[in-house]
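In: predicted structure and sequence below. I'll ask about it afterward.
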Amino acid sequence: VGLLLAGNAALAVLFASSILASVVIFHSMLVVFISIGIVGGLKSAYLIVYMIRTRKLIGKKLSRVMKMQFLYTAPILVSGIAGTISKQVDRYLVSLLMTPEKFAVYAIGAKEVPMIAVITGSASAILFPVFSELGTTEGRGKFVENWRNSISKTGFFLLPLMVFLLFTAGDFMGFFFGSK
């Protein structure tokens, strides 16, 4: 455990220093993302080497179980990454294409409607495990059927909400976040 803790601590320091160096030296978000990817790859490689050295990644039965776990969690991982990126990409693009003053107004003023996050978050929490299971078994047809069904049901709530907020967004956001 001591070796794992020391390695994770070293990688955390490397992570923070690589981001700091990327910002100070290159002044580029692209370099920051590349640094995060490199350090993430190093962390993954370190953990794999650690597991092999401590004999926790050996044996046909264990590797078969790990393969099944990976196939089950891979869709959840990819959708989580996509969700994280999609929540930040608008701020990245605005910061890239606009002046710092306009970005500051956007960063403070761009709020997500709380009900949308509740609806999509609830649907995602229920459907990710179902989709993962159907994606790894013979249920591809059921997967597509559930996907279409979930889109139509969430759209049933979100599209009328969008139309409603198109006309009442100012009052609605003032109610939730205050008028200032």
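Out: Here it is on my side, so go on.
In: please count neighbours and contacts with C-alpha atoms only from this point.
Out: Noted.
In: remind me what the helix or strand bottoming out on mean pLDDT in the chain packs against, helices and strands.
Out: Every helix and strand in the chain was compared by mean pLDDT, DSSP states H and E; the lowest is helix 60-97, with a mean of 75. Taking 3 or more CA pairs under 8 Å, 6 or more residues apart in numbering; DSSP states H and E as contact, the helices and strands that helix 60-97 lies on are helix 100-109, helix 114-136.
In: okay, those helices in TSV with distance to residue 146, mean pLDDT and mean neighbour count next?
Out: Converted to TSV, the helices and strands packed on helix 60-97 look like this (distance: least, CA to CA, whole Å; pLDDT from 0 to 100; neighbours: other CA atoms under 10 Å):
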stretch	distance to residue 146	mean pLDDT	mean neighbour count
helix 100-109	36	79	12
helix 114-136	8	78	14
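In: quick one: closest of the ones you listed to residue 175.
Out: With CA to CA, the closest approach to residue 175 among those belongs to helix 114-136: 11.7 Å.
In: may I have the closest one exported as PDB, CA atoms only?
Out: Extracted in PDB, the C-alpha atoms of helix 114-136 (Å, rounded to 0.1, in the frame of the first residue of the first chain):
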ATOM      1  CA  PRO A 114     -32.100  23.000 -12.500                       C
ATOM      2  CA  MET A 115     -35.000  20.900 -13.700                       C
ATOM      3  CA  ILE A 116     -33.100  19.900 -16.900                       C
ATOM      4  CA  ALA A 117     -30.200  18.500 -14.900                       C
ATOM      5  CA  VAL A 118     -32.600  16.600 -12.600                       C
ATOM      6  CA  ILE A 119     -34.500  15.100 -15.500                       C
ATOM      7  CA  THR A 120     -31.400  14.100 -17.600                       C
ATOM      8  CA  GLY A 121     -29.400  13.100 -14.500                       C
ATOM      9  CA  SER A 122     -32.200  10.800 -13.300                       C
ATOM     10  CA  ALA A 123     -32.600   9.200 -16.700                       C
ATOM     11  CA  SER A 124     -28.900   8.700 -17.100                       C
ATOM     12  CA  ALA A 125     -28.400   7.100 -13.600                       C
ATOM     13  CA  ILE A 126     -31.200   4.600 -14.400                       C
ATOM     14  CA  LEU A 127     -30.200   3.900 -18.000                       C
ATOM     15  CA  PHE A 128     -26.400   3.700 -18.000                       C
ATOM     16  CA  PRO A 129     -26.300   0.300 -16.300                       C
ATOM     17  CA  VAL A 130     -29.100  -1.000 -18.500                       C
ATOM     18  CA  PHE A 131     -27.300   0.200 -21.600                       C
ATOM     19  CA  SER A 132     -24.000  -1.300 -20.400                       C
ATOM     20  CA  GLU A 133     -25.600  -4.700 -19.900                       C
ATOM     21  CA  LEU A 134     -27.500  -4.700 -23.200                       C
ATOM     22  CA  GLY A 135     -24.400  -3.500 -25.100                       C
ATOM     23  CA  THR A 136     -22.300  -6.500 -23.900                       C
END
